[in-house]
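Novice: I'll drop the sequence and a predicted model, then ask my questions.
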Amino acid sequence: MVCVTSAYALAFYDRQFADIPRIPLESSLTKVENTSTDPQNFLIVGADNAEGLDKNDSVVNGRNIQEMLTDTIMILRIDPNQEKAWLLSLPRDLYVPIAGNHGKDRINTALALGGPKLLIETIKENFGIEISHFMQVNFFGFKQLVDTIEGVNVYFNYPARDSNTGLDIPDVGCHTLTGDMALAFARSRHYTALIDGRWQEDITSDHGRIARQQYFIKQALKKAISKGARNPIQLNNLIGVAKDYITIDDALTPEQILDLGARFNNFNPDDLEVFEPYTRGGMAGAASVLFLEEQPSQAMFNIFRGVDPTRNVLAAVRTEVRNGTGKVGEAENAADQLRRRGFTVTKVTDDKDFRNDKTVIKHAPGPGHLLAAIVLARYFDGDVPLAEDPTLAGTETSVALVVGRDFAGIRKDPRPLEEFSHLLPDPNAPTTEAPTGTEATTSTSPASTTTAKGGNTTTTPAPTTTTTTTAPDPASPNAKSIVPQPPEGVEC
């Protein structure tokens, strides 16, 4: 009975799948040997295309409905064996070399210039991420899919609006966003919330939009599951709607979908890990764009490259070794030990001070560079002072090891990460730093240092620093996005 039912369902899926528009991309895709067990990357594109919408729809205003840019670019990595999934959102204004000698431009232009093939090649060349499958949906399709699951529940802790997309949420609380309002929410780049009696716009623009989209996706998955998406009949209904509004690659089969569905039958959408690369704002000619911060972004890219993080994390720590002892050869000795452990040594040089009693690890500003310094600190016994060094910003070096007279060598094995957990950056903590790209006047004073000794720590505070800043750079990690979140204990 099970076999007959499964065969019937598969025949049903086959007929539905046969009607989904296909793009011949097999030559551009990375073949997966065993689709039911091997990790694979799905490139999911939301096309900036209004075809199918009513001519009076707010999305159509000032738009060429045939224009095909990418409004949203996401890479979903799934590992069936681990039943884990990761989502990487690429900002559409990310300024990168477009594959095929098209020069540099925003990454969202690749689809218009050469279709999915060019976008896939651009992602491969810039980030080293292989793509296994491709899916594309336009605005109208997005709205229809949301309406098929009878809307997506989103809790708004502030009233919100965006006149550019038509978003209008007048009240705090749980709202079921049907197609029109869901699209307005997902596309909002000028998201404005009523906070403390004042309308405040999210200055992070595309970054805030990405954070809200990632939250929305988790909520949409929950709603789809609650509506029976894990039931073969309901799944078939969803595919029946999708076939009219999505486009997929020619290598994806219904058998693969069924296999993956079985593997992820108990997957909790809250376990979906989401990422966005580090960027900085700037100008390319007259255009406002985002430039990739390559070094701190490598760790997250490695997840989607299938790189074993335990094997490659040390190579990502690009270290300059400075001799601060006054003894010839001390820095080269330390550099050799680092190389043998797997670290990347960018340069060996002398420190400006030859009378350093203590070995110090300095790092460039930013949470990614602090993490690199902590990775290095785990390979030292005894006191390990960490200090921020602004002169390393924008260089090829993550950290600088200043070898002092107390240097006793590099450990073979790292100390437990728990000894350094208090040093890990809190992404939600407020900051008093001048965000990247702002004008700032700062009184110069020594940085504070934090020392780890065994499992104990001591912190030497810096003298008071006065910082005056202008408006923060929206691309800075210090600028906080406004993302709706339900209060603790509240389900929406």
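Specialist: Now that the structure is in, tell me what you want to look at. All values derive from a computational prediction rather than experimental measurement. Residues are numbered from 1 along each chain as shown.
Novice: only alpha carbons, please: show the lengthiest strand in the chain as PDB.
Specialist: In terms of residue count, the longest strand belonging to the chain (DSSP state E) is strand 69-79. The C-alpha trace of strand 69-79 is given here as PDB (Å, rounded to 0.1, in the frame of the first residue of the first chain):
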ATOM      1  CA  LEU A  69      17.400  42.800 -12.100                       C
ATOM      2  CA  THR A  70      17.800  40.800  -8.900                       C
ATOM      3  CA  ASP A  71      15.900  42.300  -5.900                       C
ATOM      4  CA  THR A  72      17.000  39.600  -3.600                       C
ATOM      5  CA  ILE A  73      19.900  37.100  -3.900                       C
ATOM      6  CA  MET A  74      20.200  34.200  -1.400                       C
ATOM      7  CA  ILE A  75      22.200  31.000  -1.200                       C
ATOM      8  CA  LEU A  76      20.600  28.200   0.800                       C
ATOM      9  CA  ARG A  77      23.000  25.500   1.800                       C
ATOM     10  CA  ILE A  78      21.500  22.200   3.000                       C
ATOM     11  CA  ASP A  79      23.300  19.200   4.500                       C
END
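Novice: may I have the strands that pair with it, each with its orientation?
Specialist: strand 40-48 (antiparallel), strand 84-90 (antiparallel) (DSSP bridges).
Novice: same list, those strands, but as CSV with mean pLDDT, mean neighbour count and distance to Thr395 please.
Specialist: C-beta coordinates here come from the backbone N, C-alpha and C atoms, glycine included. Shown next, in CSV, are the strands paired with strand 69-79 (pLDDT from 0 to 100; neighbours: other CB atoms under 10 Å; distance: least, CB to CB, whole Å):
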stretch, mean pLDDT, mean neighbour count, distance to Thr395
strand 40-48, 91, 22, 31
strand 84-90, 94, 21, 25
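Novice: between those strands, which one is closest to Lys347.
Specialist: strand 84-90 (31.2 Å; CB to CB).
Novice: who touches the closest one?
Specialist: Residues outside strand 84-90 that contact it (CB atoms under 8 Å, 6 or more residues apart in numbering): 72-79, 107, 123, 129, 210, 213-214, 217, 264, 267, 271-277, 300-301, 303-304.
Novice: among those residues, which lie within strands?
Specialist: Judged by DSSP E, these include Thr72, Ile73, Met74, Ile75, Leu76, Arg77, Ile78, Asp79, Glu273, Val274, Phe275 as members of strands.
Novice: among those, name the buried ones.
Specialist: For the ones in strands among the contacts of strand 84-90, a neighbour count by 16 or more other CB atoms under 10 Å gives the buried set as Thr72, Ile73, Met74, Ile75, Leu76, Arg77, Ile78, Asp79, Val274, Phe275.
Novice: between the residues you listed, which is closest to Thr359?
Specialist: When these are compared for distance to Thr359 (CB to CB), Phe275 wins out at 33.3 Å.
Novice: tell me the contacts of the closest one?
Specialist: Trp86, Leu87, Leu88, Ser89, Met300, Ile303.
Novice: run through the bridge partners of it.
Specialist: Here Phe275 sits in beta bridges with Leu88, going by DSSP bridges.
Novice: got the phi and psi for Glu330?
Specialist: Backbone geometry at Glu330, expressed as degrees, to the nearest 10, gives phi -70, psi -40.
Novice: what is the burial count for it?
Specialist: The number of residues packed near Glu330 is 19, by other CB atoms under 10 Å.
Novice: pretty sure it contacts Phe407?
Specialist: Yes - under the criterion of CB atoms under 8 Å, Glu330 makes contact with Phe407 at 6.8 Å.
Novice: and Val490, what pLDDT?
Specialist: At Val490, the model reports a pLDDT of 88.
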